[in-house]
Every structure is written in C-alpha cells, then in structure tokens.
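1. Pasting the sequence and the predicted model now:
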Amino acid sequence: MNITLRIPAEHDAAAVTALLDELTAAGSDTDGFWHGADTFIYTDWLAACREAAHGRGLPEGFVPYVQYVMFADNGQAVGFLNLRLQLNDFLREIGGHIGYCVHPAQRGKGYAKQALHQAISEARRHGIGRLLVTCRSSNPASRRVILANGGALEDIRDGLERYWIDSAKAV
C-alpha cells in the first residue's frame with residue numbers, strides 16, 4: 001500500500017485525531033507532531049500549522065515549518081511528518097530538518113520510507129538543498145529509512161546519528 005504525504009485539511013479532523021489518540025494510547029513517540037496531545041484541538045492546530053509555514057505565531061525556539069500527515073490509500077492517517085524550513089542551533093544539533101513517526105501497527109510497511117522520499121521533494125521545492133535528518137542509534141528502522149533515501153552519516157553525538165541528504169541528488 002502506498003501513502004500520500006500532504007498538508008492536513010479541515011475534512012481530515014477525524015482521521016488525524018484518531019491517529020493522535022492511538023499514538024498516545026500506545027505510548028508511542030510523536031516525532032513530526034509538535035503539539036501536546038493533552039491540549040489538542042484540531043482546528044487550532046490546523047490554524048497554527050498554516051501560520052507556522054509563513055513563520056508567524058511560532059512558539060519560542062521554533063522555526064518556520066510545514067506540517068504533513070501520511071495518509072494510506074484507504075484515507076487512514078498513519079503518521080506525521082514535520083519539515084522545518086530552516087535550522088536553528090537546537091535543530092542543527094538534535095532535531096534536523098525532518099521529524100516523523102508512523103503508527104506502531106503500520107510500521108514495517110514502507111510508509112516512513114515513502115514519506116521521507118516525498119518530503120525530500122518538498123524540501124527541494126522550498127529551496128532546501130541539504131537536509132539534516134537524525135535518528136537515535138537505538139532505532140535501526142529509522143536508520144534504514146534515512147539510508148534508503150540517500151542519507152550520508154556525518155557523525156554520532158550522544159547516541160544520536162546525524163545524516164545529510166542532498167535533495168538535488170535524491171530521486
């Protein structure tokens with residue numbers, strides 16, 4: 001099954017809320033989703049995401065970003081991906097340009113690989129030539145996703161692997 005990585009819309013409220021509820025119930029990481037689940041109101045989140053893409057209304061320490069959701073062919077939301085349009089000191093060290101997560105029941109199906117591939121194209125469209133993508137050394141699945149998308153290891157810092165992807169060379 002394929003996924004489509006796209007900016008969420010008003011009509012996606014039920015699917016996105018269900019994904020967030022399931023991730024929270026599973027105790028799963030929500031990398032690629034910046035808002036606290038305990039204070040989540042879909043319409044407020046959507047409005048904040050729209051503003052953030054233009055660099056407006058950002059919390060302290062945040063950079064402009066584009067929020068995406070991974071949707072399966074059947075319309076189910078299966079993951080989040082956040083594309084940061086620039087790096088600050090924190091992101092340069094730890095977070096990188098992209099954060100993502102996939103619902104635990106949907107892992108191992110290639111969704112993260114597809115999402116990162118699509119996000120690289122989006123980054124190129126936003127003028128980002130080199131993308132920093134990080135993963136914990138304890139997360140071999142994420143490492144495989146990054147390597148499959150052309151990631152070149154720069155270094156490992158305190159258990160965090162840092163990879164660069166050239167968006168012009170990625171296919």
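-> Here it is on my side, so go on. Residues are numbered from 1 along each chain as shown.

2. I'd like to know how far Glu161 sits from Val133.
-> Relative to Val133, Glu161 is positioned 9 Å away (CB to CB, to the nearest Å). Using the backbone N, CA and C atoms, a C-beta is placed for each residue, glycine as well.

3. Show me which of these two is the more surrounded one.
-> Between Glu161 and Val133, counted using other CB atoms under 10 Å, the more crowded position is Val133 (24 against 20).

4. quick one: contacts of the helix or strand that the more buried one is a member of?
-> Secondary structure from DSSP states H and E places Val133 in strand 130-136. Under the criterion CB atoms under 8 Å, 6 or more residues apart in numbering, residues 87, 91-92, 94-98, 116, 120, 123, 142-143, 146, 151, 159-167 lie in contact with strand 130-136.

5. From the residues you listed, list just the buried residues.
-> 87, 91, 95-98, 116, 120, 123, 142-143, 146, 151, 160-165, 167 (16 or more other CB atoms under 10 Å).

6. Which of those residues fall within strands?
-> 98, 160-165 (DSSP state E).

7. What helix or strand is the residue nearest the centre of the chain located in?
-> The structure's the chain has its C-alpha centroid closest to Leu81; by CA atoms, centre = their mean the separation is 2.1 Å. Applying DSSP H and E as the criterion places Leu81 in strand 77-84.
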